[in-house]
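[1] Model the structure of this input:
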Amino acid sequence: MISSATQWIGTDALLHALTIGELEVEGRLAGASNGTLRCIVSVAPASRVRCVYKPVVGERPLWDFPEGTLSMREVASYEMSEALALGVVPPTVWRTTGPAGPGMCQVWIDEVADVHLVSVLAAGADLSDWHHIFDGTDESGDLVSLVHSRDLVLQKVALLDAVINNADRKGGHLIVDTSNRVWAIDHGVSFSGEDKLRTVLWGWAGKKIPNELSEPVAAMSTMIHTGLPETVTRWLTADEVVALESRIEQLLATRTFPMPSPGWPSIPWPVF
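    Residues are numbered from 1 along each chain as shown. Below you'll find the predicted structure:
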């Protein structure tokens with residue numbers, strides 16, 4: 001029987017299975033920009049869960065990220081989410097072996113397709129439940145607005161993205177599972193040493209980090225005083241670690257969500 005993955009979140013059994021368990025490949029995700037396989041792994045004698053396996057050999061080279069490091073950045077992003085007590089990234093581990101060699105392995109999240117955290121609304125629609133990002137036109141030439149939910153969990157994701165310098169927070173990277181829990185996925189282009197924050201979650205740009213996020217703020221403060229967690233830094237270059245520390249110090253100094261950079265496109269394309 002294939003169990004719901006969320007019941008295993010945070011357990012040693014799941015992380016152990018993802019790390020060394022035998023992966024049964026179900027197929028390849030055709031829409032993924034890098035080689036991505038959906039697999040099944042046994043967690044216990046009577047329980048199996050689905051997972052996503054991204055081998056290093058399936059990564060497309062990028063001009064602005066070291067070759068063969070995208071899977072490592074996925075692991076570092078999960079570890080940072082955990083270190084900040086955000087809990088928004090599905091359990092993710094590094095595998096030294098697999099059907100296609102070394103790479104990352106992450107719990108597969110069963111998505112509720114009709115729940116939208118990022119949307120496109122007709123111009124003039126009621127935005128009381130949404131943050132407005134920008135206006136544009138659809139394929140028919142009608143005016144529309146890109147918006148995202150005001151959900152506090154998305155605010156946690158926005159904080160994580162600011163810390164890890166996520167260069168590709170698309171709307172499709174934000175999913176809701178069958179237990180109504182919000183998850184953030186696809187963090188392969190994060191932790192650059194240069195300012196590359198590109199996201200659809202600009203609704204809190206320039207606004208103070210609220211008291212509801214005091215726990216991750218306290219965790220950041222501890223990191224600056226005692227050192228960044230090795231579970232994160234081991235996957236990064238020395239320059240990227242310095243830049244990560246600098247971003248955290250800036251967030252602590254201002255207690256404010258960052259504004260878009262004038263020297264870098266602020267919205268990923270496509271947005272979904």
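[2] Please count neighbours and contacts with C-alpha atoms only from this point.
    Noted.
[3] Who are the contact partners of the closest residue to M72 other than its chain neighbours?
    With C-alpha to C-alpha, 6 or more residues apart in numbering as the criterion, M72 has its nearest non-adjacent residue at 5.7 Å, and that residue is W235. Contacts here follow C-alpha atoms under 8 Å, 6 or more residues apart in numbering; on that basis W235 touches M72, R73, V75, A76.
[4] wouldn't the last one be in contact with L228 here?
    No: the criterion here is C-alpha atoms under 8 Å, and A76 misses it with L228 at 11.7 Å.
[5] Those two: which has the busier surroundings?
    Between A76 and L228, counting by other C-alpha atoms under 10 Å, A76 is the more crowded of the two (28 against 19).
[6] which residues are in contact with the helix or strand hosting that one?
    Per DSSP states H and E: A76 is located in helix 70-83. Residues from elsewhere that reach helix 70-83 (C-alpha under 8 Å, 6+ apart): 54-56, 59, 87-94, 103-104, 160, 164, 186-191, 219, 229, 231-233, 235-236.
[7] for whichever helix in the chain runs longest, the distance to its chain's centre please.
    In the chain, assigned by DSSP state H, the helix with the most residues is helix 238-254. Its chain's average C-alpha position is 18 Å from that of helix 238-254, according to C-alpha atoms, centre = their mean, to the nearest Å.
[8] cool, stretch 204-219 as well?
    18 Å.
[9] Just the endpoints, please. Distance across that stretch?
    Terminal residues of stretch 204-219 lie 20 Å apart, using C-alpha to C-alpha, to the nearest Å.
[10] before we move on, what about stretch 220-231?
    Where stretch 220-231 begins and where it ends lie 15 Å apart, using C-alpha to C-alpha.
[11] again, but for stretch 111-124
    Stretch 111-124 has an end-to-end distance of 29 Å (C-alpha to C-alpha).
[12] what residues does the strand or helix carrying C39 touch?
    Using DSSP H and E, C39 sits in strand 37-44. Outside strand 37-44, the residues that touch it by C-alpha under 8 Å, 6+ apart are 13-14, 17-18, 21-29, 48-54, 108.
[13] element containing the residue nearest to M72?
    Counting by DSSP H and E, W235 is found in no helix or strand.
[14] list the contacts for the residue lying closest to L213 once chain neighbours are set aside?
    Among residues not flanking L213 along the chain, K156 sits closest, at 7.3 Å (C-alpha to C-alpha, 6+ apart). By C-alpha under 8 Å, 6+ apart, the residues touching K156 are L86, V88, L213.
[15] Run through the stretch 1-150 of the chain and note the low-pLDDT ranges.
    The stretch 1-150 of the chain contains residues with pLDDT under 70 at 1-10.
[16] hey, where'd the helices end up in it?
    Taking DSSP state H, counting those that start in this stretch as the test, the helices found in the stretch 1-150 of the chain are 12-20, 70-83.
[17] Let me know whether G171 touches V271 as I believe.
    Yes: look at G171 against V271 with C-alpha under 8 Å: they come within range, at 5.9 Å.
[18] And the contacts of K156, which is closest to D64?
    Closest to D64 out of the contacts of K156 is V88 (26.0 Å), distances taken as C-alpha to C-alpha.
[19] who are the neighbours in contact with that closest one?
    Listed by C-alpha under 8 Å, 6+ apart, the contact partners of V88 are S81, V153, K156, V157, V182, W183, A184.
[20] Secondary structure for those residues - can I get that in TSV?
    TSV is the format used below for the contacts of V88 (DSSP: H, G, I helix; E, B strand; the rest coil):
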residue	secondary structure
S81	helix
V153	helix
K156	helix
V157	helix
V182	strand
W183	strand
A184	strand
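[21] coming back round to it: next step: the contacts of helix 70-83 restricted to strands.
    Under the assignment DSSP state E, those contribute K54, P55, T92, V93, W94, G103, M104 to strands.
[22] Between all of those residues, which two are separated the most?
    Using C-alpha to C-alpha, the two most remote members of the ones in strands among the contacts of helix 70-83 are P55 and T92, lying 13.0 Å apart.
[23] what's the overlap in contacts for these two?
    Shared contacts of P55 and T92 (C-alpha under 8 Å, 6+ apart): M104.
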